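1. give me coordinates for this.
(chains A and B)
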Protein chains: 2
Amino acid sequence: MQLPGRPGAARERFAALFNPQSIAVAGASASQVNAGNRFIRLLHQWNYSGDIYAIHPKAETIEGVPAFRSLGETPHPVDYAYVTIPAAHVTELIAAARGRVAFAQVMASSTPSDLFAWERDLRVAAKSAGVRLIGPNCMGTHSPRGGYTFMEGALLEPGDIGVAAQSGGLGMDILRRGQSTGLRFSGLVTLGNSIDVTPVDMLDYYLDDPETRAIGLYIEDVKDGGGFRALLDANAGAKPVVLLVGGLTKLGGAAAASHTGAMTGGSRAWEALARQTGAILTFTLDDFLETLQACAWLTPKPTTPESGIVLFGNGGGTSVLASDAVARAGFNLASMPPAALAEIAELRLPPGASVANPIDLPASVLRENQGRIAGDILEIVRQHTKPHAIIAHLNLPVIMGYRHIENFMPNLIEALLKSASGSGTTPHLVLALRSDGSEEVDAWRRTFRSAATARGVPCYDELPQAVSALSRFQGYESFIAGRLATSYSDARSRHDA
Amino acid sequence: MQLPGRPGAARERFAALFNPQSIAVAGASASQVNAGNRFIRLLHQWNYSGDIYAIHPKAETIEGVPAFRSLGETPHPVDYAYVTIPAAHVTELIAAARGRVAFAQVMASSTPSDLFAWERDLRVAAKSAGVRLIGPNCMGTHSPRGGYTFMEGALLEPGDIGVAAQSGGLGMDILRRGQSTGLRFSGLVTLGNSIDVTPVDMLDYYLDDPETRAIGLYIEDVKDGGGFRALLDANAGAKPVVLLVGGLTKLGGAAAASHTGAMTGGSRAWEALARQTGAILTFTLDDFLETLQACAWLTPKPTTPESGIVLFGNGGGTSVLASDAVARAGFNLASMPPAALAEIAELRLPPGASVANPIDLPASVLRENQGRIAGDILEIVRQHTKPHAIIAHLNLPVIMGYRHIENFMPNLIEALLKSASGSGTTPHLVLALRSDGSEEVDAWRRTFRSAATARGVPCYDELPQAVSALSRFQGYESFIAGRLATSYSDARSRHDA
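-> Residues are numbered from 1 along each chain as shown, chains lettered A, B, ... in the order given. I've put the predicted structure just below:
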C-alpha cells in the first residue's frame, strides 16, 4: 500500500526485516548464556540460512559465530540486528552502524527518569546511522518466511496471520496461545515503545503483504492516528484487521503510560474508528485470539445474512443457554420449515432427539451410523434453511464416554466439516469442543481441535466464545456488505446522472 | 427455613433425599448393562452403606442386589428411588409405591405430543402414593453426605456448594468442571421438568442446610416465583445464591419450552430480583462456575470497599489490559503512597520492576529470594494501601521457563497466600494462572490451582474472569453492606423514636 509521504511499497521497505539475508546479534556473551546467546542458538536450531554475526567488544566467536567490534565492521551489511545489550550502551552501538544496518530491534529500556532523553538520543542516532529502529523495550521478531524467531518453542511453520504488539510479553502470549489454537503467522513483531517503527508501519506492511490474510495488532499508542486511519480507509475491509487496544480507561491509560510511555486515545474514538473502517475492536487477549481464528479461516460473505444460525450439538440446557447467547449477539436461529422436519423424521432417529433448531441430540443419537448421522441431518437442514452459520457444540466427556464401545468422534467431526463445504451457499462452521477441565478430556480436545483447525474450522472452548467470535466477524462482513452496497449505489447514481 | 404453607424445616423434609437409608433402583437390567446397572455399580463402588433394592418384574437379584416386583414390596420403606425405566411404565411404577417411598427421581421423558397428559398422570400418581417426585427428564442426584452419586468420575468428597439444575447435562457439566476447578458439593440435584420438586424446594433446603455455604441454581422455570422471592428475601444475603438463568431471550425461551416445558420470565424481572435480594445473576456456565468459586472461598466483607484493587504479576501489556478490566468493572486500583514506594525501593529490586500499582514484575524479578520477594512487596503494599483485593496473575510458561535453574512457583504461591492471611483487614486474594494452552503448561496449572484452591483461593484462567468474578462477588457484598446500613438506621430510628 502506498500513502502520501511513504515512498515505495511497504512490502519492499520491510523486506529486510521479514526476510533478512544477514542477522547481527549484539549482547550475546562469550562466557555465559543470556538472551543473545539463546537467540543465536535458535537461529542454528532452525538452520537460518543467512549470515550470522555476533557484535562483541572482545570475543572472536560466540556460539560458533564470528564476532565483530561494531555494527559498522561486519563483512557484509546487516539486514536485521537483534540488540540485547544494556540500555546505557545502545545509542553508541546504533550510532556505529554507519548506514550498514537496515533494522535494529532494541530489547532494553532505560530507567523511567532517564527514558525521555535516552529515547531522544537513540532516535537521533538511528536516524543519522540510517537504521530503522524497532523498540526499545520489546522482545524480538518472529518471521517464518525469514527462517527466524525470537521465541523458544515457536513453530516456524508459515501462516497468514500478521501481528504486531506494543508489548513483548503479550506478543509471546499471542504466539504461544495462537499456536495452541492452530493459528500460524506470516510474522509477529514486538514493537515496545515504538519510537521509530510504529503500529502504522506494521499495518502498512501486512496490508501490502500477499502472504498475510488477516492482521492483529496490540496497541497502546498508535503514534500516528491520521496515518493509521488512512491505511484502514484504503484497506476498505479488504483484509480483516483485529485490534486489541489497551489503556482506554483512566486506570489502563496510566498503566500504559508507565509501560510504554503511551498516550492512549479515548474509547469512543476507537469505537468510531472501528465502525467507520470495518476494523474489529477487542479488549481482552481471549477475544482478540478468538476473533483472529474466525478471520483466519472463515471466508467473509459480503452479503447481509438473511438466514440465521443453526445450533447443533448435545445438551438441552446448553442449547438453551446457547440460544440466549445467539439472541444476545443479535443473530437469529434459522427456522426449520415443516418439510425439513418431515425429512428428518424419515431418518427415524432414536428417542431423545430434539430437531427443531436448536438441534439437540444426546450422544446416544449422535453415535447413530457410527457418528455419520450428523451429516445426514445437517444436509437436510442446510438445503432447507441455507443458514448463515452452523455452530456445532460437542460435550466431549459425554461423547467420549462411549469410546470403549465405539469412538465415533472422528466420523462426527468429518460429517460436520462436510456440512460446511460443497457447492452452493456454504454456511460458516464453527465448533465448540466442550471439556470438563480434566487432563484426559483436554488432551482429546487438543487432538480434535487440531483436526478441525487443520481443515480451516475455528474451534472454541465454549459456546459463548463461538457466538461472540462469529458476531465480531459478522460485524466485519456487514461492513464489507455496506461498502459493496455503497459502490453499487455510487455506480448507479453515476449511471443515472 | 420455614415459610407459610411449608410445614417443617426444609432440612428435615429433604433429609431422606440427601441422606437416604435405603435406595431402590428401577430400570437395571438382568441381562445387560444400562443406566440402572451403572448406578448400582456406583453405589457399590462408593460402598453405599444403606439398603439397596432392585425393582424388576422377574429377576431375583441384579448386580448382586435383591430384586422386588414393585416399589411397594421392598422389605423396608425406600428413602430414594432411582427410576430409569421407559416413560410408558413410570406412572404405574410410582403408583405402586403405596406411601413407602419418600423420593423418586424419574429420568425418562415422554414424547412431546404426550408430555402434558403423561406428566399430569405422573403427578397425580405420585401425590396419591405419597411420593415426592424429582424430574422427570433428569439425570440423578449427587449427595456426598448420603454416600451416593449418579455420575461416574464424580468425587464423593463432601463440600459446601449446594446445586440444583433444571438440566441433567448442565448438572453433569457443573459437577465435572466444578471438580476440576476445586469446587466440592454439599449436594447436586438435577430437577429436569420439575413437576413436583422445584428449584424453590431446593433453594429452601440449601438455605436451611448448615453444610451448604453457597448455592448455585440453573433455572429455566422457577415454577413458583413468589415462593422463590420469599426465600431470597428471608435469606437477606446470608448465603450467597448464584443463578444461571436460561431462556430469557425469545430464542432461548423457545428452546427452554422445548427442553423442559419451561415458561421463562423476562430478563428485567430477573435483574430486578437479583438487585433486590442480593442474588447473583449469570447467563453463561463459565460465569456461573467462576462466581461460585468466589462464593465458595472468599469471606464477604460487609462494608463498602474504600480502597481498591492491587494488581500483581508479570506482563506489562497484560497489566495494562487488566487495569482496563478493573476500571470497566467499576473498581479502582489502590493508590500507592510515597512511603510504600520508598519501602519497596529499599528492597533493591532488579531492573524491570514497575511497582506503582499495577505491580508488574518480570519473572527475573519474581524469582528473587527463591520466589519469596512477592511476600515482601505485598506485605508493604498491604500495610500501606489496605486493599479490597489482590489479583495476582502469573504467566506460567514464562515463570516455568526458569524451572531448569530454579522452580520458584511453590514459594511464590506460598508468598501470595500469606499476603491474604494474618491479622487486620484481610484483602481478598484471587489468582489468574495464565497458560499457553500447551499440554505441559496446562498440567502445571492444574497442580498449582489445586494447591491454591485447597487453601481457599479462587483460581481463574485469565484476568478478565478473575476481575468479573470479584466484581459479581462485590455486588453481593454491597447488598450485605446495604442491608447492614439499613438495619443500623432502622435501629437508630427506633432508638430515636
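2. pretty sure A:Pro458 contacts A:Trp297?
-> Yes. With contact defined as Cβ atoms under 8 Å, A:Pro458 reaches A:Trp297; the gap is 5.3 Å. Where C-beta positions appear, they are placed from N, C-alpha and C, glycine not excepted.
3. so how many other residues sit close to A:Ile52?
-> 21 (other Cβ atoms under 10 Å in any protein chain shown).
4. just the C-alpha atoms of the strand or helix carrying A:Arg176, please, in PDB.
-> Using DSSP states H and E, the element containing A:Arg176 is helix A:168-180. C-alpha atoms of helix A:168-180 as PDB (Å, rounded to 0.1, in the frame of the first residue of the first chain):
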ATOM      1  CA  GLY A 168       6.800  -8.200  24.200                       C
ATOM      2  CA  GLY A 169       5.000 -10.300  26.800                       C
ATOM      3  CA  LEU A 170       1.700 -10.100  25.000                       C
ATOM      4  CA  GLY A 171       3.400 -10.800  21.700                       C
ATOM      5  CA  MET A 172       4.700 -14.000  23.200                       C
ATOM      6  CA  ASP A 173       1.300 -14.900  24.600                       C
ATOM      7  CA  ILE A 174      -0.300 -14.300  21.200                       C
ATOM      8  CA  LEU A 175       2.400 -16.600  19.600                       C
ATOM      9  CA  ARG A 176       2.100 -19.300  22.200                       C
ATOM     10  CA  ARG A 177      -1.700 -19.400  22.600                       C
ATOM     11  CA  GLY A 178      -2.200 -18.700  18.900                       C
ATOM     12  CA  GLN A 179      -0.100 -21.800  18.100                       C
ATOM     13  CA  SER A 180      -2.100 -23.900  20.600                       C
END
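5. give me the angle between the following helix or strand past that helix and helix A:168-180.
-> For helix A:168-180, the following helix or strand on the C-terminal side (DSSP H and E) is strand A:185-190. If you take axes from the mean of the first three to the mean of the last three Cα atoms, to 10 degrees, strand A:185-190 sits at 160 degrees to helix A:168-180.
6. do you know how far the closest residue in space to A:Thr426 that isn't next to it in sequence is from A:Val398?
-> Ranked by Cβ to Cβ, 6 or more residues apart in numbering or on different chains and with sequence neighbours excluded, the top spatial neighbour of A:Thr426 is A:Ala420, at 5.8 Å. Here the distance between A:Ala420 and A:Val398 works out to 23 Å (Cβ to Cβ, to the nearest Å).
7. swap in A:Asn47?
-> Relative to A:Val398, and taking Cβ to Cβ, A:Asn47 is found at 45 Å.
8. so which of the two has more stuff around it?
-> The neighbour count for A:Asn47 versus A:Val398, taken as other Cβ under 10 Å, is higher for A:Val398 (21 against 8).
9. now do the same for the more buried one: helix, strand or coil?
-> helix (DSSP: H, G, I helix; E, B strand; the rest coil).
10. so what's A:Arg328 closest to, chain neighbours aside?
-> In space, and not counting its chain neighbours, A:Arg328 is closest to B:Thr249: 6.2 Å by Cβ to Cβ, 6+ apart.
11. same deal with A:Asp221?
-> A:Ala262 is the one closest to A:Asp221 (Cβ to Cβ, 6+ apart), at 3.3 Å.
12. related to what we said a few turns ago, for the residue nearest to A:Thr426, give me the pLDDT.
-> With respect to pLDDT, A:Ala420 scores 83.
13. got the contact list for it?
-> Neighbouring residues of A:Ala420 by Cβ atoms under 8 Å, 6 or more residues apart in numbering or on different chains: A:Ile390, A:Thr426, A:Pro427, A:His428, A:Leu429, A:Val457.
14. ok, so of those, who is nearest A:Asp79?
-> A:Val457 (37.4 Å; Cβ to Cβ).
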